[in-house]
Structure formats: C-alpha cells, structure tokens
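# got a sequence here, can you model it:
(2 chains)
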Amino acid sequence: MLEPSAPVLILTGAATGLVGSLLGLGGGVFLVPLLTLGLGMPIRTAIAASLISVIATASASATINLGRGLVNMRLGLSLEVATSIGGLAGGVAAALLTRQQLFLTFGATLAVMGVIMAARSRKRNVIPEPDADTGRLGGRLVEGDRTYTYRVKRLPVGIFASLVAGAISGLLGVGGGIIKVPALSSFCGIPIRVAAATSTFMIGVTAAASAFIYFSRGDVVLPLTAAIALGALPGSLAGTQLSERVEARSLKILMAVVLLIVGTRMGLEGL
Amino acid sequence: MNETASGLDKTIEVVLTLGLAGSALLLTLGLTLGQPHLLQAGILLLMLTPVARVVVVTVGLFHEGDKLFGFVSLGILLVLITSVIVAVRL
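Residues are numbered from 1 along each chain as shown, chains lettered A, B, ... in the order given. Predicted coordinates for the structure are as follows:
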C-alpha cells in the first residue's frame, strides 16, 4: 500500500465530511470507497478509519442541527436502542466476512437504497397545517415563515431499518445514515431534513458502538485515521451550514444517483 | 414535542463541542509532533464523545421527569458499555 501524505488524507476527510453532512449522512459511504478504490487501502483499515471519522462528522453536524430544532430527540432515542445493538453485532460479525463479501455487501446495500430513494423522491411528508396533531413521536418543522406538522408512521419499520443500519455500520464503517434517512423519509412519514438531522444525531452512537471493537483489534491506524478525522471536522461543519440552502427533492435525487454509482463500483470490486 | 428539550439540547451541544475541540487539539498536536500517544488519546476522546452525550441525555431526561425516555436512553448506555467490555475482552 502506498502511504498517502497527511494533506491528502485531511482533504479526503474534509471532502467526504462536506458531502456527507450536506446529505445528512456521516460520510462513511463515500470515505470507504475513496480509501479502498481511490487510495488502495485495505478494506478493514478503511472501515476503521471511516467509523472514527463518521463520529467526528456526525457529532459536528449534530451541534448545528440541534440549534436549528431539526433533531427529533425522542424519535432518535427510540431508534438508537436498535441501531446501537446492530452496531455492536455488526462490529463483532465483521471479523467473520472475507474482503469479497464485505465489498459485495457494501455494493448491494447502496444500490438497493438508491432505487428506493429514487422511486419515492416525489413524496411529501409534511402536513401544511401548523397546529395539526403530531402524535406521540411526531413534531413540527419550520421552513422560512411556514410551520409544517409531521406524524411518525410505521415505527416498527423505522426500528427495523435502524437495527439493519447499525449492523451495516459495524460491518462496513458507514454509520448507517444511508439506510436510516431513506427509510425514515420514504416509509415513516418523516420530512427528509428531520430524518437526516435525527439520523445524524444517532450516528455518533452507532459508530461508537462498533468503533471500540475495531480499536481494540488494532484496525485503527493512528496517523492515517487522525488526519482523516481532522479534515472531517471543518468539512462537516461547512456541509451542514450549506445543507439548509438545498431543496429537499434535489437532496433525494442527488443521494439516489450517488448511491447507485458508488454501490455498483464497490459491488464490482467484490466479484 | 421539543418544547421542554431546549435546555437539554443546549447541554448536548456543549458536550459535543468540548469533545470535538479537545480531540481536534490532541490530534493536531499528535500529528505535528509525531506523538502516537497524543493521537491515541485524541481518537479515544472522539470515540467517548457520543458516550458522554448519551450520559448527559439520560441524566437530563430523568431530571426533566421523562422516565420512559430516560430508561430508553439508559438502555442505549448499557449497549455502549457492553460494546466496550466486548472490545476489551477480544
């Protein structure tokens, strides 16, 4: 493996942090392919570095999103139990899979989520009345001078998606936003901005649940991971700031396209 | 829903910011001085930041009298502690 220089790694972290937080993700979904396919790193080193960087990105985005009132904390907590159990299980299971199986799982997961996202991109989740009943876990979203109401539908689907997201996170080092955001937005009636902010709020915990396991196994390469995480911090702060100016439907389409491209590329690597 | 959570939101923001700033400082120093111990400390602090956030949320929710979600949050904390124990024993 060619050892990339610190500035290259810091820039890589910054770029994936920016794009990731712009889309309401941890950014691991871009970081792992970049490190493995782009910089030729072993996939386990990439996954461990990504988990640490995802913690930085998600925590930095959460500081801004909390201030904006976009995080639905009680919904986040309800799903976090499932996602952290998944994260722990995925971290333990990752040791059992071969390199090929990891690449194929990565590719297939992304492609499936891309198709779901594209198919449901026209759906609107909000009720345009500011004082409609929110239900136990729903909430309100202020956009400009308008207040919308949303209700949480199909909570078991959200819990199941969070469990799977946690397991995928532990296996692939991606945090799992790529599964939670499409699932919450397409099936559970949550507006994409709230879905993204609430998912990001959870991702730090999901990634931490498996990061400890990678760390103790010695998969975390110190200088490399440190440089990427350092870059991810300013990148994700900038991405979260920018995310407010992008339209919800464009976010969904952009995410679908990226998922399909990266998913296909990673899947091919596993064949 | 979020009306009562605003004070807690603020505390979470502070905890996350402190964790990230401390970790960024340790990582920068570690890379500049070529000190692996500082890098290790920085990465550990980063990994512990979400755990600290869960502790704050758990205490905050019980303090607000929201026992149901306090217990939910406590459950998450237990999963994280299990993860650390599993990691140490591997």
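
# partners of the helix or strand of chain A with the lowest mean pLDDT, with directions?
Within chain A, no helix or strand scores below strand A:139-143, which has a mean of 74 by mean pLDDT, DSSP states H and E. Counting by DSSP bridges, the strands paired with strand A:139-143 are strand A:146-150 (antiparallel).

# what mean pLDDT would you report for the partner strand?
For strand A:146-150, mean pLDDT rounds to 78.

# same question, stretch A:33-44
Mean pLDDT, stretch A:33-44: 89.

# flag every buried residue along it.
Counting neighbours by 16 or more other CB atoms under 10 Å in any protein chain shown, one finds that the buried residues in stretch A:33-44 are A:33-37, A:39, A:41, A:43-44. For glycine as for every other residue, the C-beta is placed from the backbone atoms N, C-alpha and C.

# then stretch B:30-44?
For stretch B:30-44, burial by neighbour count (16+ other CB under 10 Å) applies to B:30-31, B:38-44.

# give me the residues contacting it.
With contacts defined as CB atoms under 8 Å, 6 or more residues apart in numbering or on different chains, stretch B:30-44 is touched by A:6, A:52, A:215, A:220, A:222-223, A:225-227, A:229-230, B:22-27, B:29.

# again, 10 Å this time
Residues from elsewhere that reach stretch B:30-44 (CB atoms under 10 Å, 6 or more residues apart in numbering or on different chains): A:6, A:9-10, A:49, A:52, A:55-56, A:211-212, A:215, A:220-227, A:229-230, B:22-29.

# same check on stretch A:264-271?
Residues from elsewhere that reach stretch A:264-271, judged by CB under 10 Å, 6+ apart: A:29, A:32-33, A:36-37, A:43, A:98-111, A:114, A:172.

# among the residues you listed, name the buried ones.
Buried by 16+ other CB under 10 Å: A:29, A:32-33, A:36-37, A:43, A:102-107, A:109-111, A:114, A:172, out of the contacts of stretch A:264-271.

# which residues of chain B score low on pLDDT?
The model of chain B has pLDDT under 70 over residues B:1-6.

# if we go to 80?
For chain B, the stretches with pLDDT under 80 are B:1-6, B:90.

# follow-up on the earlier one: taking the buried residues of stretch B:30-44, tell me the two that lie furthest apart.
Between any two of the buried residues of stretch B:30-44, the greatest separation by CB to CB is 15.7 Å, found for B:31 and B:44.

# neighbours around the residue nearest to residue A:114 when sequence neighbours are not counted, how many?
In space, and not counting its chain neighbours, residue A:114 is closest to residue A:259: 3.1 Å by CB to CB, 6 or more residues apart in numbering or on different chains. By the measure other CB atoms under 10 Å in any protein chain shown, the count of residues near residue A:259 is 24.

# could you do the one 10 residues further on as well?
Residues within reach of residue A:269, counting by other CB under 10 Å, total 18.

# just say helix, strand or coil for it.
With DSSP: H, G, I helix; E, B strand; the rest coil as the basis, residue A:269 sits in helix.

# cool, and residue B:65?
coil.

# all helices for chain B, in order.
Along chain B, the segments classed as helices by DSSP state H run B:6-33, B:36-63, B:67-89.

# same deal with the stretch 151-271 of chain A?
Counting by DSSP state H, counting those that start in this stretch, one finds helices in the stretch 151-271 of chain A at the ranges A:155-172, A:177-187, A:192-217, A:222-243, A:248-270.

# mind listing what's buried along the third one?
Translated: helix A:192-217. Neighbour counts over helix A:192-217 (16+ other CB under 10 Å) mark A:192-215 as buried.

# quick one, that helix and helix B:36-63 angle?
Interaxial angle, helix A:192-217 versus helix B:36-63 (axes from the mean of the first three to the mean of the last three CA atoms, to 10 degrees): 130 degrees.

# does helix A:192-217 reach chain B?
Yes: using CB under 10 Å from any CB of the partner chain, helix A:192-217 reaches chain B at A:201-217.

# so for that helix, mean pLDDT?
On average, the pLDDT along helix A:192-217 is 89.

# how distant is it from the center of its chain?
Chain-centre distance of helix A:192-217: 8 Å, with CA atoms, centre = their mean, to the nearest Å.

# could you check the angle helix B:6-33 makes with that helix?
50 degrees.

# burial count for residue B:71?
Per other CB under 10 Å, the neighbour tally for residue B:71 reads 13.

# quick one: it and residue A:78 touch, right?
No: if you go by CB atoms under 10 Å, residue B:71 and residue A:78 don't touch, sitting 11.6 Å apart.

# on that earlier part again, so for residue A:25, which of the helices of the stretch 151-271 of chain A sits nearest?
Residue A:25 lies closest, by CB to CB, to one member of the helices of the stretch 151-271 of chain A: helix A:177-187, at 3.7 Å.

# can you say which of the helices of chain B is packed in most?
Neighbour counts (mean count of other CB atoms under 10 Å in any protein chain shown) averaged over each of those peak at helix B:36-63, with a mean of 20.
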